[in-house]
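Engineer: Model the following, please.
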Amino acid sequence: MCFSFEVSLVTFFISWSISFYLLQKNLTTQQIHYIYFLLIYSSMQLADSILWYNNMRRNNINYYVTSFMIPFILSLQVYYNLFIYNNIKNIYAKVFFIIVTLYIFYRFNGYSSSICDNKLSSPIWGSNEIKLWEILIFIGLIFYPTCGLGCITSLIFVFIAYMFLNGAYGSLWCAFASLTAVYYLLTF
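Structural biologist: Residues are numbered from 1 along each chain as shown. Here you go, the predicted model:
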């Protein structure tokens, strides 16, 4: 999991490098969708690296990254899965997405802080740890309509973070992006 500026930044660059390398290969449409989603998903590491570089100081950088960049990336993950990958055209789904997006921007408005001051520190977006029910709904939305390997892996990470790390759900993006990039590199 990403506990520092360096780890977050390296995860971002490795995930994006692997993704761009794989996009040069002859991939199926589904594999291309997976790579695009990985690019969006791993972008969270750029936001986290900015927060780490800023030492989580309560200043404009922290506020703008937390209140705008993070909610935008989170919303984009849901949007991509529902409307690009799954091509959902239902008006109720669109209204639901607007409500979810507004909630995400409301939820993370503020400043990020660190969960603790040791080597296992993790960003808490909006200085309010993500609730278990929020992360479970989010996982459902980004993996809808199936719960394949990515969904199961995410649920395992959530369980580990909940049981052993006292939250730190934000770092799940780092671990999942790293493992997914390597998995795609080895299998595509």
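Engineer: C-alpha from now on. contacts and neighbour counts both.
Structural biologist: Noted.
Engineer: which helix is the longest one in the protein?
Structural biologist: The longest helix of the chain (DSSP state H) is helix 5-23.
Engineer: neighbouring contacts of that one?
Structural biologist: 2, 32, 35-36, 38-39, 42-46, 48-53, 174, 177-178, 181-182, 185, 188 (CA atoms under 8 Å, 6 or more residues apart in numbering).
Engineer: now do stretch 84-91
Structural biologist: Counting by CA under 8 Å, 6+ apart, 33, 82, 83 sit against stretch 84-91.
Engineer: what's the offset of that stretch from the middle of its chain?
Structural biologist: Chain-centre distance of stretch 84-91: 21 Å, with CA atoms, centre = their mean, to the nearest Å.
Engineer: Can you show me the CA trace of that stretch as CSV?
Structural biologist: Output in CSV follows, covering the C-alpha atoms of stretch 84-91 (Å, rounded to 0.1, in the frame of the first residue of the first chain):
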residue,chain,number,x,y,z
ILE,A,84,-18.6,3.7,-21.3
TYR,A,85,-17.8,0.1,-20.5
ASN,A,86,-21.4,-1.1,-19.8
ASN,A,87,-23.1,1.4,-22.1
ILE,A,88,-26.0,2.0,-19.7
LYS,A,89,-28.5,4.4,-21.1
ASN,A,90,-31.2,4.2,-18.4
ILE,A,91,-32.3,7.6,-17.2
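Engineer: And the average pLDDT for that stretch is what?
Structural biologist: For stretch 84-91, the per-residue pLDDT values average out at 92.
Engineer: in that stretch, what's buried?
Structural biologist: Buried residues in stretch 84-91, defined by neighbour count with 16 or more other CA atoms under 10 Å: residue 85.
Engineer: Report the backbone C-alpha coordinates of stretch 30-47 in CSV.
Structural biologist: Written as CSV, here are the backbone C-alpha positions of stretch 30-47 (Å, rounded to 0.1, in the frame of the first residue of the first chain):
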residue,chain,number,x,y,z
GLN,A,30,-12.5,-5.9,-23.4
GLN,A,31,-8.7,-5.8,-22.6
ILE,A,32,-8.6,-2.3,-23.9
HIS,A,33,-11.4,-1.3,-21.6
TYR,A,34,-9.6,-2.9,-18.7
ILE,A,35,-6.5,-0.9,-19.5
TYR,A,36,-8.4,2.4,-19.8
PHE,A,37,-10.0,1.7,-16.4
LEU,A,38,-6.6,1.0,-14.9
LEU,A,39,-5.4,4.4,-16.2
ILE,A,40,-8.3,6.1,-14.5
TYR,A,41,-7.9,4.0,-11.4
SER,A,42,-4.2,4.5,-11.0
SER,A,43,-4.5,8.2,-11.5
MET,A,44,-5.4,8.3,-7.8
GLN,A,45,-1.7,7.7,-7.1
LEU,A,46,-0.9,11.0,-8.7
ALA,A,47,-3.3,12.8,-6.3
